[in-house]
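Colleague: whatever this is, show me its structure:
(chains A and B)
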Amino acid sequence: MKHIIKQIVLDAARKSFETGMLPSGQIPDMEIEEPRHQSQGDLSTNIAMVSAAVQKIAPKKIAQILVSNMDQKDFIEKIEIAGPGFINFFLRPGAWHPVVDRILEADDRYGASDAGKGEKIQVEFVSANPTGPLHVGHGRGAAVGDAVGNILAFAGFRVSKEYYINDSGRQIKTLGRSVWFRLQELAGRLVEFPDDCYKGDYIHDLARQVMEQEGPDFADQKDDLAIPVCAGYAASQILKQIRTDLEDFGVVFDQWFSEQSLYDSGRLEKTITDLKTRDLVYEKEGALWFRTQDFGDEKDRVVVRTNGLTTYFASDIAYHQEKYERGFHRVIDVWGADHHGYINRMAASIMALGKKNEQFQVILVQLVNLLRGGKPVQMSTRAGEFVTLKDIVDEVGKDAARFMFLSRSYDSGLDFDLEVAKQKNSDNPVYYVQYVHARIAGILSKAQDQNLVTDIDFTRGTNLSLLVQAEEINLIKILAGFPGQVEKSAETCHPHVIFTYLMSLASAFHAYYNRHKVIIQDRSLSLARLSLALAVKKVIRNGLSLLGVSAPERM
RNA sequence: GCGCCUGUAGCUCAGCUGGAUAGAGCAACGGACUUCUAAUCCGUAGGCCACAGGUUCGAAUCCUGUCAGGCGCGCCA
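Modeller: Below you'll find the model as predicted:
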C-alpha cells in the first residue's frame, strides 16, 4: 500500500514540475508513514516539508500544489493537508481488502523479499569455548544470532550460521588439567586443586568417565601425557553437550569451525606470512605486532608473542580471512558485551586485508540479569555455580526462553525472570502471541465441524468487501505492515522489531475476537472473517518462526 | 583517565536513519465469560523522555558537555 501511495506522490511531484507549478524537479528523500492518530488518515507523507529547502516555497504551499496535481483514485476517500505540511491520505476500507488475499496466496512466504539479492552472509554466534556448559548469556547470543540469521534469510540473503570452536590454546589445556586433577582425587591422591582450574561439577563427571575409559592405571600416567588425553576427551564431550543443548533450544548450525584446524591446515601460518609480505606487521621487543592503529584501532596488537606462540587475535585474523575466501560478502559476529574492546582491532585487521567497512559487523549483545521472583540469582563462574542454558530450557521451555531473550533490543541489558517466563498467564508474552494462533486454529476447526468449510480452499471467492468493522480494517492494516517490519528488522539486524510487531498484531486480534464473532449465521460474512482469521494465523506463524518460536494449534 | 552500551509512566521496556497530541506490558483501581479457548478484552489513573546548552520550520530522536548505571581497556581467550 505504501508504495502505491508513494507512486501517486511522485507522479504528482513530476507533474507539478512539468507544468511549472514547482520550480524544481528535485525530490528529496521522503517518507510514507502511518500516522499515530486516526484523524491524520491512514497514510501520510512529509514530502512537502522535506522539499521546502529545494523549492524555496513554504511547505503548506507545496502540499497544496502537489495535492492539486494528484490523480483521483477510487480507493482514496480524501486527501488532507495538515499540521506543518503533512499530506494525509484517507483510504476506503476496500483499499485494504486485497492484503488478505495476498497473505493467503503467499502463505509462509508472506513477508519474505529478495532485498538481499542472494548475497552471501555469514552469521557467527555463540562460539563458546568447549570448557563448560552454556550459560544464560550464551542463550541470549544464541537466540539473537539464530533469529538474525532467519530474518536475513527471509529478506533474501543466503545465510550460513556458524559456530567457531575455540579448541586450541590455554583454556583447553586448563580444562585438561582440571579433569586430570579431579581424576587424581578420584584415584585417592591428595592433590591441591589449582585455583585457575574449572570447578564445576561436570569436571568430576568427566574425570570419572576418563578413568573408566582409560582404566585404573591411567592415574599413574605422567602429567604431560595424561593432560592432553583428558583435554581431548573433555572438550569433545562438552562440545557434544553444547550441540545438544543448542538443538534443544532450537538452534542448528550450518557449520562448526575448529580453531585448531587453522593450525593443522597451515592456514594460520599462511596468514602470518601474508601479513609480513604486505608489511602489515613489524617486530618489536621480540614480538610480532599488527599495525592495527593505522586502521582505526587505539594501538597496535601482538599476533606472535615473544615465546613464539600466536595470540588468539592471530587465529581470529586467519579465521576471518578464511570466511571471506569462502565467498561471504558480509560477515556478522555476535559477541557478548564484555568483548567490545575487541571490535576495533578485529575491524582494523579486516580493513587492513582489503575489506570494506560494511562487510564486517559485530552485534554486541548486552548482559542478561537472571532473576527469580524479582531477586537476582547468584552466580559464580569461578566457583562453577551458574544456571545453564539447559537448566533454563528445562524449567521454562524453549519457546518462552527464546521469546524472552528476543523481547528487548540487544543494546539493552535484559532482566530475565525465571518465575515470569514459567508462568502461563498474561505476564508471559509468549503465550499472549501463541494464544492467538491456537485460538484461530480452534475457530477453524469449529468451522469445519459445522461444515461451514470443507477444505482449506474455502477462501477462494470469499467476499472480503464484507469486512467493514473498524477492528477488521485495523487488523488488516497491521497485517499489511508485516513485510515492512521484516525489512526494518533485517536492515537493522534487530530481531526485537519482530517481537514488538507480533505483540501489536496479537493485541489487535484479541480485541477483535472479544468484540466480534467469526462464525455467525451469515455464511458469507463468516467466510470473509474466517479468511481474515486465517491470514492472521499465517502471519503470526511466520513471525514466530523467524524468532524460532513454535506456533501451537492448541494450548 | 580513555572507549562502548544504557538513562522514557511506580517497575520492565518499545519509539531513536528528526515530524503532528510520546506508546505497550506489569503493578493500582473499576468493569466484561450461558458465546469460536477469560492464557482474553474494555475503561480509569499514571510523564520536566536524566540534566544543561546547541543545530532548525520542527528534537525523546542529531551534536557538545555534565551526572548516573553496566561493561571493557593483556605478549589472556
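Colleague: residues touching the residue positioned nearest the centre of chain A, list them.
Modeller: Nearest residue to the geometric centre of chain A (Cα atoms, centre = their mean): residue A:148, 2.7 Å. Applying Cβ atoms under 8 Å, 6 or more residues apart in numbering to residue A:148 gives the contacts A:123, A:332, A:334, A:363, A:493, A:495. The way it works is simple: take the backbone N, C-alpha and C, and place the C-beta from them, glycine included.
Colleague: dump the residues you listed to TSV, plus neighbour count and secondary structure.
Modeller: Below are the contacts of residue A:148 laid out as TSV (neighbours: other Cβ atoms under 10 Å; DSSP: H, G, I helix; E, B strand; the rest coil):
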residue	neighbour count	secondary structure
A:123	29	strand
A:332	21	strand
A:334	25	strand
A:363	20	strand
A:493	19	coil
A:495	28	coil
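Colleague: for those, work out which two are farthest apart.
Modeller: Maximum pairwise distance in those, criterion Cβ to Cβ, is 12.5 Å, between A:332 and A:495.
Colleague: is stretch A:539-555 anywhere near RNA strand B?
Modeller: Yes: applying Cβ under 7 Å from any atom of the strand, one finds stretch A:539-555 touching RNA strand B at A:554-555.
Colleague: and that stretch, end to end?
Modeller: End-to-end distance of stretch A:539-555 (Cα to Cα, to the nearest Å): 18 Å.
Colleague: what does it contact?
Modeller: By Cβ under 8 Å, 6+ apart, stretch A:539-555 touches A:103, A:108, A:110-111, A:143, A:146-147, A:150-151, A:154, A:250-251, A:398-399, A:402-403, A:406, A:430-431, A:433-438, A:440-442, A:479, A:482, A:486, A:489, A:495, A:498-499, A:501-502, A:505-506, A:537.
Colleague: how about stretch A:199-214?
Modeller: By Cβ under 8 Å, 6+ apart, stretch A:199-214 touches A:132-133, A:178-180, A:182-183, A:185-187, A:193, A:197, A:218-219, A:229-230, A:233-234, A:237-238, A:382-385.
Colleague: ok, now stretch A:309-320?
Modeller: Here stretch A:309-320 has contacts from A:164, A:166, A:168-169, A:257, A:259, A:262-263, A:267-268, A:270-272, A:275, A:290, A:301-305, A:331, A:345-346, A:349-350, A:353, A:360, using Cβ under 8 Å, 6+ apart.
Colleague: ok, back up a step: reformat the contacts of residue A:148 as JSON lines; add pLDDT and distance to residue A:550.
Modeller: Below are these laid out as JSON lines (pLDDT from 0 to 100; distance: Cβ to Cβ, whole Å):
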{"residue": "A:123", "pLDDT": "97", "distance to residue A:550": "22"}
{"residue": "A:332", "pLDDT": "96", "distance to residue A:550": "25"}
{"residue": "A:334", "pLDDT": "96", "distance to residue A:550": "23"}
{"residue": "A:363", "pLDDT": "95", "distance to residue A:550": "24"}
{"residue": "A:493", "pLDDT": "95", "distance to residue A:550": "23"}
{"residue": "A:495", "pLDDT": "96", "distance to residue A:550": "16"}
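Colleague: and the residues you listed as CSV, adding distance to RNA strand B?
Modeller: Formatted as CSV, the contacts of residue A:148 follow (distance: Cβ to the nearest atom of the strand, whole Å):
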residue, distance to RNA strand B
A:123, 19
A:332, 16
A:334, 14
A:363, 11
A:493, 12
A:495, 11
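Colleague: contact partners for the closest residue to residue A:358 other than its chain neighbours?
Modeller: Nearest non-adjacent residue to residue A:358, counting by Cβ to Cβ, 6 or more residues apart in numbering: residue A:330, 7.3 Å away. If a contact means Cβ under 8 Å, 6+ apart, then residue A:330 has A:119-122, A:358-361 as its contacts.
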